[in-house]
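# Just a sequence and a predicted model for now, questions to come.
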Amino acid sequence: MRTFDYSFLESGMLPAELLNIVSAIAALRERENERKDSDPDAFTRLESLARLQSVKASNAIEGIVTTEQRILEIVNQNSAPLNRSEAEIAGYRDALDLIYTGFDALDVRENDILRLHGMMLSCAAAAPGAETAAAVEQLISAYTDARSKGSIIPLLLIPCFVLDFLCIQPFADGSGRMSRLLSLLLLCKNGFDAGKYISFEEQIYNGKAGYSEALRLSSDKWIEQRNSYFPFIENFLTTLLCCYKELDKRFTAVNAKKVTKQQRVEEAVLNSLLPMSKQEVFSFLPDISPNTIEAVLAGMVQSGLVEKVGTGRNTKYIKTPS
């Protein structure tokens with residue numbers, strides 16, 4: 001059976017580009033913490049939109065989709081799930097909420113992993129087979145041992161754990177979604193909570209080709225214990241850095257006291273990596289009326305700043321490619 005050893009992260013030979021990304025993330029985190037203290041209301045508004053986008057994106061990666069309106073109703077608990085797909089969307093919502101409200105009490109323990117998995121699938125979590133369970137137990141032990149060493153940078157260790165979890169594939173259904181939930185849990189436990197305000201899952205979905213390639217490269221020769229973790233680490237850190245950069249932009253749009261409502265709507269849409277619906281813009285900027293948002297979006301389309309994607313109730317807006 002494959003064993004897990006993260007001692008290579010103590011090496012003085014780590015790629016310089018990875019350490020540079022870690023430094024950039026740390027600097028942006030400090031700015032976020034200062035802003036969170038000065039304007040908690042802005043972060044509450046950001047959290048509401050990120051929650052919706054995270055539930056939508058993580059399930060979409062697995063091919064679990066429904067209409068924009070149903071996503072909104074399920075995430076806001078205004079309607080009960082109508083089928084299995086919607087039940088899984090609701091389950092991811094509940095697991096995500098548990099992480100963000102109770103991450104201090106959770107950890108990478110077998111019971112907590114099974115609890116999150118059961119909640120995510122809205123059913124009793126199925127225990128992995130004996131060999132897989134042993135691999136997960138060894139993985140948890142290796143991670144716990146490595147994180148106790150002050151010489152290992154947490155932001156380099158977390159993606160190693162996530163990669164190994166994905167390669168083990170402990171669950172017949174839901175291992176991918178669980179890997180994203182565990183990523184958020186471990187990031188929060190180490191003080192990196194940008195994913196609470198800017199959807200980490202949406203960033204993965206937006207760059208899914210790069211994510212898949214990094215996963216392929218780092219899982220190559222995994223069974224023989226000859227794989228390289230570095231491609232996956234770099235992709236993971238770059239995704240997190242994108243969250244912090246997007247948070248920096250969106251905070252300005254949400255918090256701007258001397259900026260007009262039109263400018264705030266324009267900034268919200270132009271800075272979004274994915275198309276935004278009118279409802280998403282309103283969720284992002286709840287102090288601006290839907291009529292004002294609709295008028296600004298119409299003006300942006302007319303001026304060529306944004307393009308329409310979809311039709312009817314599914315219409316979204318995205319920045320026109322330069």
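In hand now; what should we look at?
# Tell me where the model's unsure across the stretch 1-150 of the chain.
Scanning the stretch 1-150 of the chain with the threshold set as pLDDT under 70 gives 123-130.
# check which helix or strand covers residue 318.
Taking DSSP states H and E as the definition, residue 318 sits inside strand 316-319.
# On the three-state scheme, the residue nearest to residue 228 when sequence neighbours are not counted is what?
The shortest distance from residue 228 to any non-neighbouring residue, by Cβ to Cβ, 6 or more residues apart in numbering, is to residue 218 (6.1 Å). For the C-beta atoms, the positions are set from N, CA and C on the backbone; glycine is no exception. The three-state assignment at residue 218 reads helix, by DSSP: H, G, I helix; E, B strand; the rest coil.
# Next, the contact list for residue 218, please.
Going by Cβ atoms under 8 Å, 6 or more residues apart in numbering, residue 218 touches 163, 227-233.
# where exactly do the helices run in the chain?
With DSSP state H, the ranges of helices along the chain come out as 16-38, 40-61, 68-75, 84-102, 110-120, 130-147, 154-168, 175-189, 200-206, 208-219, 230-255, 261-270, 278-284, 290-303.
# residue ranges with poor pLDDT in the stretch 201-322 of the chain?
254-258.
# List buried residues within the contacts of residue 218.
In those, burial by neighbour count holds for 163, 227, 229-233, counting by 16 or more other Cβ atoms under 10 Å.
# Rebuild those as CSV, extending it with distance to residue 193.
Shown next, in CSV, are the buried ones among the contacts of residue 218 (distance: Cβ to Cβ, whole Å):
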residue, distance to residue 193
163, 22
227, 29
229, 24
230, 25
231, 25
232, 21
233, 20
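# May I ask which two of the residues you listed are separated the most?
Taking Cβ to Cβ, the two most distant members of these are 227 and 233; they sit 11.8 Å apart.
# Give me the distance between the residue nearest in space to the middle of the chain and residue 158.
With distances taken as Cα atoms, centre = their mean, residue 200 lies nearest the centre of the chain, 2.0 Å away. Distance, residue 200 to residue 158, using Cβ to Cβ, to the nearest Å: 12 Å.
# Give the intersection of the neighbour lists for the two.
183, 187.
# can you tell me how far residue 109 sits from residue 165?
For residue 109 relative to residue 165 (Cβ to Cβ), the value is 13 Å.
# between those two, who's got more neighbours?
Neighbour count, other Cβ atoms under 10 Å: between residue 109 and residue 165, residue 165 has more, with 23 against 11.
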